[in-house]
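Chemist: Let me see the structure of the following:
(one chain, ligands or ions: 1)
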Amino acid sequence: MLELVMRLTPEEQAMLAGDLGPGVKRAMEIVVALGKIYGARELVPIASAQVAGVSYKNLGDAGLEFLRQWAREGARVRVPTMLNPAGMDLARWRELGVPEGFARRQMEVIRAFEAMGAVPTCTCTPYLVGNAPGLGEHIAWSESSAVSFANSVLGARTNREGGPGALAAAIVGRTAKYGLHLDENRVASYVVEVRCPLRNEADFGALGYMVGRRVKNAVPYFRGVEGEQTGLKALGAAMAASGAVALYHVEGVTPEAEADMVSPNAETIVIESLSEGYAALNSSVEKIDLVSIGCPHASLAEIEEVARWLEGKRVKAALWVTTARRTRELAEERGFVQAIEAAGGRVLADTCLVVAPVEALGFRSLATNSAKMALYAPSHCGLAVRFGSLEQCLEAAVRGVVR
Ligand code: F3S
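Modeler: Okay, the predicted model is just below:
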C-alpha cells in the first residue's frame, strides 16, 4: 500500500525537525502522526483550541507529569487556548468537601497548562464566554458537546480532538486537515423527521439521545425542529454522548443546513415520540441527593431561570448549577447567584459533576435536565438518575424526592 504523503510547509518541517525546541517537536509529531492515521494531506491553521483532560480525576499523576514535562520542554500555545472543566471549582473546592490532596494536584494541573499559555477558563461552553469561532473557521476543540455546538450551530470546523491532540494543535497552531475540516465529510447521511413537539431542553436531550444511538458517528439533518441556543446545546451534547455525533444540521436553523448538504443516499428516520429516550435515561430511584443543572455549562439565561423559579423556596437536596466562571460573574452582578444560594443551591464554576470526585462527596442519586449527564452519571459517578425538565429537577431539589 502506498503511504500518503503529507505536505508540510518549511516552517512545519522546521517544527518537526526540532528547530523550535523539543516541546514544539513533540507537538508536531503528534499532529503529524494523527494526520497520517486519518489520511490528511496537509495541516490547516487553527483559530483556537479547547483542551479536554483537565480534571485530575481523569489525568492522575501520570497525566500531570506528562503536562509538566511538556511545559519544561518549552511548549507554548500559539492560539487562544481554553480548558475543559476541572475536577473542582478552583475557588470554592473547600466548601464542597473536595479532598485537600485532590485539590492540590488539580491546581498543579492548572499551573502546568498555564505555563504553556493556556487560559484557565475551564468550561465546555467557551462559545458562551466570548470564544465563539466564526463560520468556516478551523479550530481544534476536544470536549464533545463543545465540538458539536461549534460545528453545527456556529459552522466552525473541528474534529473531536483528544486532549493531547488539541494541546499539540494549540502548540503548533495547526491541526491535520481531515474529517470535519473537509467539505465532503459535512454532508448528512441521515434525515431525521421530527414529528413530536420539543417543549424544553430535556425533550431536545431525549431526542438527541435517541438519534445518536441510531446514527452513530454520522451527520444527521433534522427537519421539524425549531431550535434556540439552550435546546441545540442539549441536542448536540446528547447526540455526542450517545453516538459520537460531532456535527448535525437543522433545517432553517443551523448555518450549513442547505438542501445540498444531504446525501442522495440518505436514510430517513422518523421520530414520533420521545418516550424511548425518557425510558432509557430514567431509573426508578425516588429519593434525590443531588440535582445537577448546567451540562453543558449553563448560560446566563438558564441561571436566571433557576433563580426566578427558586424565589421564596428552599432546596432539600444539594443543587449544583455548573457554569463558566465568566458566566457566574455576570450572574452574580445581576443577583441570580445570590438568589440561588439563598435558596440553598450552589452556582459552581470551572467544573462539572462528571469530572469532579463526587464518589468522595457521599451522593447516591441525581436528578438532571441533561440527557448527557443522565447517560454518564451512572457509569462515571455511580449515581442512580432521574431525568426530566428543569422545572421537574427543581421540584425534586425542593422536595428531595421524585414521584
Ligand atoms: Fe460539560 Fe461536564 Fe456536561 S464537561 S457537557 S458539564 S459532562
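Chemist: rest of the way, CA atoms for contacts and neighbours
Modeler: Will do.
Chemist: Next up, the contacts around residue 147.
Modeler: Neighbour list for residue 147: 141, 158, 159, 160, 246, 247 [criterion: C-alpha atoms under 8 Å, 6 or more residues apart in numbering].
Chemist: The helix or strand containing residue 295 and the ligand in contact?
Modeler: Residue 295 belongs to strand 290-298 when assigned by DSSP states H and E. Yes - Strand 290-298 comes into contact with the ligand (C-alpha under 6 Å from any ligand atom), by way of 295, 296, 297.
Chemist: Most neighbours among the residues you listed, which one?
Modeler: residue 297 (29 neighbours; other C-alpha atoms under 10 Å).
Chemist: and residue 175, helix, strand or coil?
Modeler: At residue 175 the chain is in strand, as set by DSSP: H, G, I helix; E, B strand; the rest coil.
Chemist: residues in the chain within reach of the ligand, list them.
Modeler: 85, 124, 145, 295, 296, 297, 352, 354, 373.
Chemist: Quick check, the fourth one in contact with residue 354.
Modeler: No - using C-alpha atoms under 8 Å, residue 295 and residue 354 do not qualify as a contacting pair, with a distance of 9.4 Å.
Chemist: sorry, back to before: mind saving the C-alpha coords of the next helix-or-strand element following the strand holding residue 295 as PDB?
Modeler: With elements assigned by DSSP H and E, the helix or strand that comes after strand 290-298 is helix 300-310. Output of helix 300-310 as PDB, limited to C-alpha atoms (Å, rounded to 0.1, in the frame of the first residue of the first chain):
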ATOM      1  CA  LEU A 300     -26.800  33.300  31.900                       C
ATOM      2  CA  ALA A 301     -30.400  32.800  30.700                       C
ATOM      3  CA  GLU A 302     -30.600  29.300  32.200                       C
ATOM      4  CA  ILE A 303     -29.100  30.600  35.500                       C
ATOM      5  CA  GLU A 304     -31.700  33.400  35.600                       C
ATOM      6  CA  GLU A 305     -34.500  30.800  35.100                       C
ATOM      7  CA  VAL A 306     -33.300  28.800  38.000                       C
ATOM      8  CA  ALA A 307     -33.000  31.900  40.200                       C
ATOM      9  CA  ARG A 308     -36.500  33.000  39.300                       C
ATOM     10  CA  TRP A 309     -38.000  29.600  39.900                       C
ATOM     11  CA  LEU A 310     -36.400  29.300  43.300                       C
END
